[in-house]
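S.K.: sequence and predicted model, in that order:
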Amino acid sequence: MRILGDIIELHQGGKIETMLKHPIVNKEDLAKVYTPGVAQVCEEIARNQSKAYELTTKKNTVAVVSDGTAVLGLGDIGPHAAMPVMEGKAALFKQFAGVDAVPVCLDTKDTEEIIRIVKAIAPTFGGINLEDIASPRCFEIEARLRAELDIPIFHDDQHGTAIVSLAGVLNALKVCGKTLAQSRIIVNGLGAAGLSVAKMLLKAGAIELIGVDRHGAISRDMEYDNPHWNELAAMSNPHGERGALSEVIRGADVFIGVSAGNILSLSDVQSMADDRIVFAMANPVPEIDPVIAAPFVRVLATGRSDFPNQINNVLCFPGIFRGALDCGATDINEDMKLAAAQAISSVIDPADLNEHYIIPDVFDVRVVERIRLAVMEAAYRSGVARYEPLVVSDVH
Ligand SMILES: NC(=O)C1=CN([C@@H]2O[C@H](COP(=O)(O)OP(=O)(O)OC[C@H]3O[C@@H](n4cnc5c(N)ncnc54)[C@H](O)[C@@H]3O)[C@@H](O)[C@H]2O)C=CC1
Ligand SMILES: CC(=O)C(=O)O
Ligand SMILES: [Mg+2]
């Protein structure tokens with residue numbers, strides 16, 4: 001980790017800027033790039049709106065939209081303070097997938113207003129990455145935008161996290177010689193990330209999965225104000241177990257934390273089954289200090305880049321949007337998400353899998369390309385691709 005002064009220095013004036021594709025050095029250039037020449041292009045798009053994909057930045061540009069209410073694990077720190085994270089995501093989009101991304105931090109927490117604003121800016125973008133919007137509001141915002149817009153809408157904290165977690169869990173279980181269906185799995189923190197992680201693991205074959213939030217395990221015997229918890233309770237925790245994390249974690253094979261820093265004790269970890277797997281994914285501070293936990297777990301992962309096994313949605317969002325944009329997808333659907341998870345786990349040859357290598361490195365250039373190809377194929381097969389997938393990558 002760099003010292004604070006270096007990090008502040010790196011953020012002076014922000015982290016991204018606009019670059020020109022064509023120089024403007026004389027009046028001839030000016031007349032083509034801007035008025036009067038540009039008017040012909042405008043008229044062409046006015047006659048045929050789909051030309052916007054060909055003649056504007058729409059084809060390769062996404063908005064990273066946040067209201068600043070669930071920024072990393074820092075909570076509701078507001079739109080101004082959220083900006084460095086959204087700029088960071090925009091930088092990662094460009095670095096890893098060649099996608100141009102614009103951070104958009106909104107000074108409103110009103111669900112209807114956020115939906116209205118995103119719909120109003122949508123003509124500019126080929127996709128929308130929703131980010132760090134608190135649950136349960138984030139679910140309605142995403143669902144409504146998916147239904148009402150014809151470009152991919154993807155809440156990364158939900159789906160990007162779930163996709164990478166599934167890829168990591170599948171590989172970690174292989175290392176431990178266990179299966180999803182036979183494992184006891186605890187998902188701690190049932191907000192945007194946790195609910196989506198839990199549902200994706202259940203869809204992939206998990207059975208004994210127990211969701212836990214601040215007040216303990218979510219059980220079908222209880223009625224919750226949060227309808228998403230009632231929905232999860234009905235499909236998980238088959239024996240209706242109740243109790244605090246320290247109780248239900250006993251005998252667990254897998255712990256996945258997307259909750260808050262330092263909430264998992266070493267004795268909780270020690271009460272788990274042999275060959276235990278711990279994904280302490282809260283950012284910036286994981287559920288347990290990895291240095292303390294490492295000697296007591298078989299596979300350990302965090303959301304951080306300074307330890308092995310980084311389980312972070314950065315492994316997913318550049319590739320999934322690259323694929324979606326390259327085939328003009330109108331949606332990012334379940335088939336595409338599953339294809340992305342399988343693509344990530346497939347990057348590691350089974351012979352190379354081990355405790356410290358269950359998930360590929362974010363700098364492994366195979367990751368984005370594998371996800372891109374898998375996502376385009378899934379989009380095409382499921383009927384949400386506007387045009388034939390681009391088979392040759394122009395990313396690298
Ligand atoms: N590694 C990764 O790729 C990702 C990590 N995260 C991290 O996961 C955490 C949650 O993020 P979101 O789901 O977006 O936030 P959220 O605000 O939607 O949900 C957080 C949930 O955790 C619960 N929680 C808080 N403290 C808890 C505790 N002590 N025990 C049990 N539950 C507790 C809250 O009640 C809430 O339901 C954050 O730290 C975030 O940085 C989120 C997305 C991706
Ligand atoms: C990684 C991420 O999206 C988060 O911690 O919120
Ligand atoms: Mg996030």
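M.R.: Cool, got the structure. Ligands and ions are numbered 1, 2, ... in the order given.
S.K.: checking the residue of the chain found nearest ligand 2 next. Helix, strand or coil?
M.R.: Of the residues in the chain, the one nearest ligand 2 is Asn283, at a distance of 3.6 Å by CB to the nearest ligand atom. All C-beta spots, glycine's among them, are computed from the backbone N, C-alpha and C. Using DSSP: H, G, I helix; E, B strand; the rest coil, the structure places Asn283 in coil.
S.K.: ok, it - how many residues close by?
M.R.: 17 (other CB atoms under 10 Å).
S.K.: now it: phi and psi?
M.R.: phi -120, psi 150 (degrees, to the nearest 10).
S.K.: before we move on, what about Pro84?
M.R.: phi -60, psi -30.
S.K.: pLDDT score for it?
M.R.: The model reports Pro84 with a pLDDT of 98.
S.K.: could you count how many residues lie near the residue lying closest to it once chain neighbours are set aside?
M.R.: Counting by CB to CB, 6 or more residues apart in numbering, His11 is the residue found nearest to Pro84 once chain neighbours are left out, at 6.1 Å. Here the number of neighbours of His11 (other CB under 10 Å) works out to 13.
S.K.: Cys316 now?
M.R.: 29.
S.K.: that one against Leu166, yeah?
M.R.: No: the pair Cys316 / Leu166 is not scored as a contact, 10.2 Å apart, by CB atoms under 8 Å.
S.K.: mind listing what Leu201 touches?
M.R.: Leu201 makes contact with Ala162, Ser165, Leu166, Val169, Leu180, Ile185, Val187, Leu209 under the criterion CB atoms under 8 Å, 6 or more residues apart in numbering.
S.K.: any idea which element the residue nearest the centre of the chain lies in?
M.R.: Centroid check for the chain by CA atoms, centre = their mean gives Gly160 as the closest residue, at 2.4 Å. Per DSSP states H and E, Gly160 falls inside helix 156-176.
S.K.: would you mark the buried spots in that helix?
M.R.: Residues of helix 156-176 classed as buried: 156-173, 175-176 (neighbour count, 16 or more other CB atoms under 10 Å).
S.K.: ok, stretch 297-314 next?
M.R.: Going by neighbour count (16+ other CB under 10 Å), the buried part of stretch 297-314 is 297-304, 307-314.
S.K.: average model confidence for the helix holding Gly160?
M.R.: 98.
S.K.: any idea of the mean pLDDT in the following helix or strand past it?
M.R.: Downstream of helix 156-176, the first helix or strand assigned by DSSP H and E is strand 184-188. Averaging pLDDT along strand 184-188 yields 98.
S.K.: list the buried ones in strand 184-188?
M.R.: So, applying 16+ other CB under 10 Å, buried residues of strand 184-188: Arg184, Ile185, Ile186, Val187, Asn188.
S.K.: gap between the two ends of stretch 277-294?
M.R.: Terminal residues of stretch 277-294 lie 10 Å apart, using CA to CA, to the nearest Å.
S.K.: which positions within that stretch qualify as buried?
M.R.: 277-283, 285-288, 290, 293.
S.K.: do it and ligand 3 meet?
M.R.: No: in terms of CB under 5 Å from the ion, no part of stretch 277-294 sits within range of ligand 3; the closest distance is 7.6 Å.
S.K.: can you name the residues that contact the residue of the chain closest to ligand 2?
M.R.: Leu72, Gly73, Gly303, Arg304, Asn312.
S.K.: re earlier: the helix holding Gly160 vs strand 184-188, what angle?
M.R.: Relative orientation of helix 156-176 and strand 184-188, computed by axes from the mean of the first three to the mean of the last three CA atoms, to 10 degrees: 150 degrees.
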